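Chemist: Below are the sequence and a predicted model for it; my questions follow.
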Amino acid sequence: QAAKAAVGKTPKLEDYQQVYNKVAQLLDEAGDYDDGSYGPVLVRLAWHASGTYDKETNTGGSNYATMRFNPEALHGANNGLAIARGVLEPLKKEFSWISYGDLWTLAGVAAIQEAGGPKVPWRAGRIDGFEKDVTPDGRLPDAAQGGDHLRNIFYRMGFNDQEIVALAGAHALGRCHVDRSGFEGPWTFSPTSFTNEFYNLLLNEKWQWRKWNGPKQLEDKKTKSLMMLPTDYALIQDKSFKKTVQAYAADESLFFKDFSAAFARLLELGVPTSQWVTSTPWELKTLSEQTE
Ligand code: CCH
């Protein structure tokens, strides 16, 4: 009962709802930061903490929160995530019983739900590991590559083609930063709202390679203010992926359902079943549900 030991009492949903509420409150305390919300960068933290999972060796994933340690903090894919970890650090001080892995993944769930996205089932039980648990660099996807690379990376985590497309829809949120990834710009006109706009734009806008000094990325021909990564564009160049892109563009509730399932599973990768404090995940309430 590692989680129980860490908490010092039996962990209850109410305790984690309190943490959720604090995260939800600080999302909008971002001032001039980006588009005024820490939500997108917190989603990216939850994903990068989890997406190191390798099903063959059963290593990586969110269990040990190894991004706290160098060299993982310094892996190129994690550039900029010190901001997200820093935003959550005061919560770790306030709720010292929560593990970093639980805190980071719960923050990702709060960011999705508060941005108008689907409910994402979540449960507690991750424990803090050690530097020796850090996985090798190169487990997260490289945006400069194509469909084969996406399959290699996500199949390694145990996901299928439909789930690859569903997870990519998170790019409705946030933006690329030159000083983090080298890429630049948002995917949608509403980067703090969780919608199926990523798929609509990907399918319906005309995309052209941007002429600039940075890495190869696409821009929309009409406004030149939106972007797609080569890996995003790969989703409409492949028949199997494109079929799912079309389905999610046409039906936002289908996207919400599939995203929720895939993201919930992503956040649980690599956590031994015996560590979960409950056999079925919880549903955290949004702030607005609690004030109604
Ligand atoms: Fe992503 N993502 N992502 N992504 N990502 C970037 C930003 C965000 C790839 C590359 C990039 C997922 C999948 C992929 C978010 C969520 C998810 C950036 C810009 C790159 C590059 C980083 C920067 O410069 O700040 C690639 C390749 C893949 C392959 O599939 C998945 C899965 C998720 C979540 C489910 C979010 C959110 C952002 C915005 C972060 C921000 O700070 O605004």
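Modeler: Thanks, I have the structure now.
Chemist: Please, where are all the strands along this protein?
Modeler: 175-176, 185-186, 207-209, 218-220, 227-228 (DSSP state E).
Chemist: My guess is Ala234 contacts Ala143. True?
Modeler: No - between Ala234 and Ala143 there is no contact under Cβ atoms under 8 Å: 10.0 Å. Every C-beta, even on glycine, is put in place using the N, C-alpha and C of the backbone.
Chemist: Looking at Thr10 now. What's its pLDDT?
Modeler: Per-residue confidence at Thr10 stands at 72 (pLDDT).
Chemist: in the lengthiest helix in the chain, what counts as buried?
Modeler: The longest helix of the chain (DSSP state H) is helix 252-268. Across helix 252-268, burial judged by 16 or more other Cβ atoms under 10 Å covers 252, 255-256, 258-260, 262-268.
Chemist: Equivalent analysis for stretch 269-285, please.
Modeler: 269-271, 275-277, 281-282, 284-285.
Chemist: I'd like the buried residues of helix 252-268 as a markdown table, with pLDDT appended.
Modeler: A markdown table is the format used below for the buried residues of helix 252-268 (pLDDT from 0 to 100):
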| residue | pLDDT |
| --- | --- |
| Glu252 | 98 |
| Phe255 | 99 |
| Phe256 | 99 |
| Asp258 | 99 |
| Phe259 | 99 |
| Ser260 | 99 |
| Ala262 | 99 |
| Phe263 | 99 |
| Ala264 | 98 |
| Arg265 | 98 |
| Leu266 | 98 |
| Leu267 | 98 |
| Glu268 | 98 |
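Chemist: for those residues, which one is nearest the ligand?
Modeler: Proximity of those to the ligand was ranked by Cβ to the nearest ligand atom; the top entry is Phe263 with 5.6 Å.
Chemist: and that closest one, what is it in contact with?
Modeler: The contact partners of Phe263, taken as Cβ atoms under 8 Å, 6 or more residues apart in numbering, are 108, 112, 120, 167, 170.
Chemist: Please flag which of the residues you listed sit within helices.
Modeler: Those of the contacts of Phe263 lying in helices (DSSP H): 108, 112, 167.
Chemist: Filtering those by proximity to the ligand, which remain?
Modeler: Restricting the ones in helices among the contacts of Phe263 to those adjacent to the ligand (criterion: Cβ under 6 Å from any ligand atom) gives Leu167.
Chemist: Make a ChimeraX selection of the buried ones in the ones in helices among the contacts of Phe263.
Modeler: Selection of buried members from these for ChimeraX, criterion 16+ other Cβ under 10 Å:
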select :108,112,167
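Chemist: Export the ones in helices among the contacts of Phe263 as a markdown table, with columns for pLDDT.
Modeler: Below are the ones in helices among the contacts of Phe263 laid out as a markdown table (pLDDT from 0 to 100):
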| residue | pLDDT |
| --- | --- |
| Gly108 | 99 |
| Ile112 | 99 |
| Leu167 | 99 |
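Chemist: So which bits of the stretch 51-200 of the chain are right by the ligand?
Modeler: So far as Cβ under 6 Å from any ligand atom goes, the stretch 51-200 of the chain lies against the ligand at 80, 141, 143, 150, 167-168, 170-171, 173-177, 180-181, 183.
Chemist: which one of those residues sits closest to Lys206?
Modeler: His171 (18.4 Å; Cβ to Cβ).
Chemist: unless I'm mixing things up, the closest one is touching Asp232, no?
Modeler: Yes - in this structure His171 lies within contact range of Asp232 using Cβ under 8 Å: 6.4 Å.
Chemist: okay, the two: which has more neighbours?
Modeler: The residue with more neighbours, out of His171 and Asp232, is His171; 26 against 21, by other Cβ atoms under 10 Å.
Chemist: For the residue nearest to that one when sequence neighbours are not counted, give me its contacts.
Modeler: The spatially closest residue to His171, leaving aside those adjacent along the chain, is Trp187, at 4.5 Å (Cβ to Cβ, 6 or more residues apart in numbering). Going by Cβ under 8 Å, 6+ apart, Trp187 touches 171-172, 174-175, 197-198, 201, 226-228, 232.
Chemist: Buried ones among these?
Modeler: Buried among the contacts of Trp187 (16+ other Cβ under 10 Å): 171-172, 174-175, 197-198, 201, 226-228, 232.
Chemist: picking that back up, could I have the CA atoms of the longest helix of the chain written out in CSV?
Modeler: This file holds the C-alpha atoms of helix 252-268, laid out as CSV (Å, rounded to 0.1, in the frame of the first residue of the first chain):
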residue,chain,number,x,y,z
GLU,A,252,-17.1,16.3,-31.7
SER,A,253,-18.8,14.0,-29.2
LEU,A,254,-17.1,11.0,-30.7
PHE,A,255,-13.8,12.7,-30.5
PHE,A,256,-14.5,13.6,-26.8
LYS,A,257,-15.4,10.0,-26.0
ASP,A,258,-12.3,8.6,-27.7
PHE,A,259,-9.9,11.2,-26.5
SER,A,260,-11.1,10.7,-22.9
ALA,A,261,-10.5,7.0,-23.1
ALA,A,262,-7.1,7.2,-24.8
PHE,A,263,-5.8,10.1,-22.5
ALA,A,264,-7.0,8.3,-19.4
ARG,A,265,-5.1,5.2,-20.5
LEU,A,266,-2.0,7.2,-21.4
LEU,A,267,-1.9,8.7,-17.9
GLU,A,268,-2.0,5.2,-16.3
